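> build me a structure from this.
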Amino acid sequence: MASKKRQGKKNSGAGNPAKAAARGRSVFRIQAEAQVDALRHDFTAWVANQVPAFSSEQAAQAAGMELDVIGQVAGQYAENARSSNLFDLDVDVFGQSLAEHLGNLPESLAPEPIFTTWLDFFSFAQDRQLWEGPEENLEALREMLEDTLNGFAEGDAELCELLRATKLFTQVKAYAETLVEGVDMEDFSPEAQEPRAKVMQAVGLDAQTFDPEGPAPLAFNYIWSAGRMSVVESEGSVLRTDQDAYDLLVAGEEAASAQLLFEMAVGCVQAHLNPTFDVALRDEAHYLVLRNLLVTASTGREGDLEGLRRNCGPKVYDAVLPEAKLAMDSLADYGLITKDGEHYSIDERLVPIISAGISEVEAFFEEAG
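Model prediction:
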């Protein structure tokens, strides 16, 4: 906020709107931020009145969080509209400014709270009789926000339906159901055999042929990773279902359920891209080759296979290519991509899941490097 910025040397321009504007922050943005800051006391009182159960500290915290969101979008609006008046907003410019703000939002942040926060702000402006623009503009702004929220809700419901129809969901659900009481996966005593066998069966493995001394089978890694990202907690070698998360995973069509299902699928994609969860040259080559196949499936355009083969080294590339193709078949079997003969494609609604999985594994290798 402008009013809280530390003063610099005399005549340095700190706190001076004209000089701040020359450094990239317009007078309108600074004025809008100051206007939001000036509303803090009144807005906190309004929040406290809306939620009587809040203590004064809770009301101040909630109001502060919402005003921070308001200030970010308001600053962008002020730049675009060349106006800092937040109580007489141009509907089209506000929509443009909100879209620009959302475009810069990190993937980890959900956009819905931004819309509900602005709806709260407009209710506050109306209740306190602060709105100065035409009433039809206020109604249009509210309708824009509510329609978008409804769109998000429809998208959440669609994603829930889509992912719950996959084999991945069926296996993660079965896997979680075997872990309600907790299972120690490193306990090989006779009494622990049956619980461990049920876990293996849930992910599609035969407990009789499973070698506890060998590496974990890929099928287990895939479901373990999907569960870890969504409904299963671990304490050392003990795996246990998070019951609250499980309830959201299997029922509901709201944002929380959609987010858990999304994370479940991302976890599965990550495990396909890096099944060993290691950073050896061969592991990175597997990731690069599979990433190339997934990008091709998404865009329909072949990547630079020869360049990739040179970068990985012909011997390593030739070794991991069959494994990457098997991983593509596995992703298709789980329902995250589609296979038609030798051709793969990805439902556009699932592309963000594939992209998120790729980004996570890419970051893993970059951090390790």
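> the helices in the stretch 201-350 of the chain, which residues?
218-228, 243-250, 255-273, 281-299, 305-312, 314-334 (DSSP state H, counting those that start in this stretch).
> tell me what the longest one is packed against?
If you count contacts as 3 or more C-beta pairs under 8 Å, 6 or more residues apart in numbering; DSSP states H and E, helix 314-334 packs onto helix 167-177, helix 218-228, helix 255-273, helix 281-299, helix 305-312, strand 338-340. Quick note: C-beta positions are derived from backbone N, CA and C, even for glycine.
> give the rounded mean pLDDT of it.
For helix 314-334, mean pLDDT rounds to 95.
> where does pLDDT dip in this protein?
Confidence mapping of the chain against pLDDT under 70 gives the ranges 1-25, 107-108, 212-213, 369.
> wait, doesn't A256 sit right on D247?
No. Counting by C-beta atoms under 8 Å, D247 is not a contact partner of A256; they are 10.1 Å apart.
> rewinding a little: for the helices and strands packed on helix 314-334, which one sits closest to I358?
helix 281-299 (5.5 Å; C-beta to C-beta).
> buried residues in the closest one?
Across helix 281-299, burial judged by 16 or more other C-beta atoms under 10 Å covers 283-298.
> could you check the angle that helix makes with helix 255-273?
If you take axes from the mean of the first three to the mean of the last three C-alpha atoms, to 10 degrees, helix 281-299 sits at 130 degrees to helix 255-273.
> what sits up against helix 281-299?
Helix 281-299 is contacted from outside by 272-276, 301-303, 305, 308, 311-313, 316-317, 319-321, 323-325, 327-328, 337, 344-346, 351, 354, 358, 361-362, 365, using C-beta atoms under 8 Å, 6 or more residues apart in numbering.
> now with 7 Å?
Contact with helix 281-299 is made by 272-274, 276, 302-303, 308, 312, 316-317, 320-321, 323-324, 327-328, 337, 344-346, 351, 354, 358, 361, 365, as judged by C-beta atoms under 7 Å, 6 or more residues apart in numbering.
> list buried residues within these.
For those, buried by 16+ other C-beta under 10 Å: 272-274, 303, 308, 312, 316-317, 320-321, 323-324, 327-328, 337, 344, 346, 354, 358, 361.
> tell me, how many residues neighbour Y246?
Residues near Y246, counting by other C-beta atoms under 10 Å, number 21.
> now L248
20.
> kindly report the same for G267.
By other C-beta under 10 Å, the residues close to G267 number 26.
> give the closest residue to it in space, chain neighbours not counted.
Nearest non-adjacent residue to G267, counting by C-beta to C-beta, 6 or more residues apart in numbering: M229, 3.2 Å away.
> just to check, that neighbour is in contact with M264?
Yes. Using C-beta atoms under 7 Å, M229 makes contact with M264 at a distance of 6.0 Å.
> look at those two and report which has more neighbours.
Between M229 and M264, counted using other C-beta under 10 Å, the more crowded position is M264 (28 against 22).
> Provide a list of residues in contact with the nearest residue in space to that one that is not next to it in sequence.
Nearest non-adjacent residue to M264, counting by C-beta to C-beta, 6+ apart: S230, 3.9 Å away. Shown in contact with S230 (C-beta under 7 Å, 6+ apart): 172, 245, 249, 260, 263-264, 267.
> so for stretch 345-364, what gets flagged as buried?
Counting neighbours by 16+ other C-beta under 10 Å, one finds that the buried residues in stretch 345-364 are 346, 350, 353-358, 360-362, 364.
> circling back: now render the helices and strands packed on helix 314-334 as CSV, adding distance to E66.
Shown next, in CSV, are the helices and strands packed on helix 314-334 (distance: least, C-beta to C-beta, whole Å):
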stretch, distance to E66
helix 167-177, 35
helix 218-228, 33
helix 255-273, 18
helix 281-299, 37
helix 305-312, 48
strand 338-340, 42
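> and these: which comes nearest L159?
Of all the helices and strands packed on helix 314-334, helix 255-273 sits nearest to L159, with 4.7 Å by C-beta to C-beta.
> how far off centre is that closest one?
9 Å (C-alpha atoms, centre = their mean, to the nearest Å).
> F124 reaches T44, doesn't it?
No. F124 is beyond contact range of T44, at 10.5 Å (criterion: C-beta under 7 Å).
> how many residues are close by T178?
The burial count for T178: 19, using other C-beta under 10 Å.
> skipping adjacent residues, who's closest to it in space?
That would be K198: by C-beta to C-beta, 6+ apart, it lies 4.4 Å from T178.
> that's a strand at the one you found, yeah?
No. Applying DSSP: H, G, I helix; E, B strand; the rest coil, one finds K198 to be helix, outside a strand.
> in the stretch 51-200 of the chain, which spans are helices?
Counting by DSSP H, counting those that start in this stretch, the helices of the stretch 51-200 of the chain are 56-81, 91-103, 112-127, 135-164, 167-177, 193-202.
> most tightly packed of those helices?
Here the criterion is mean neighbour count by mean count of other C-beta atoms under 10 Å, and of these the winner is helix 167-177, at a mean of 20.
> gap between that one and the chain center?
The answer for helix 167-177 is 21 Å, by C-alpha atoms, centre = their mean.
> got the angle for that helix vs helix 314-334?
80 degrees.
> on that earlier part again, measure the residue nearest to G267 to F188 for me?
Note on M229: its distance to F188, by C-beta to C-beta, to the nearest Å, is 27 Å.
> skipping adjacent residues, who's closest to F365 in space?
Closest to F365 by C-beta to C-beta, 6+ apart is E284, at 5.5 Å.
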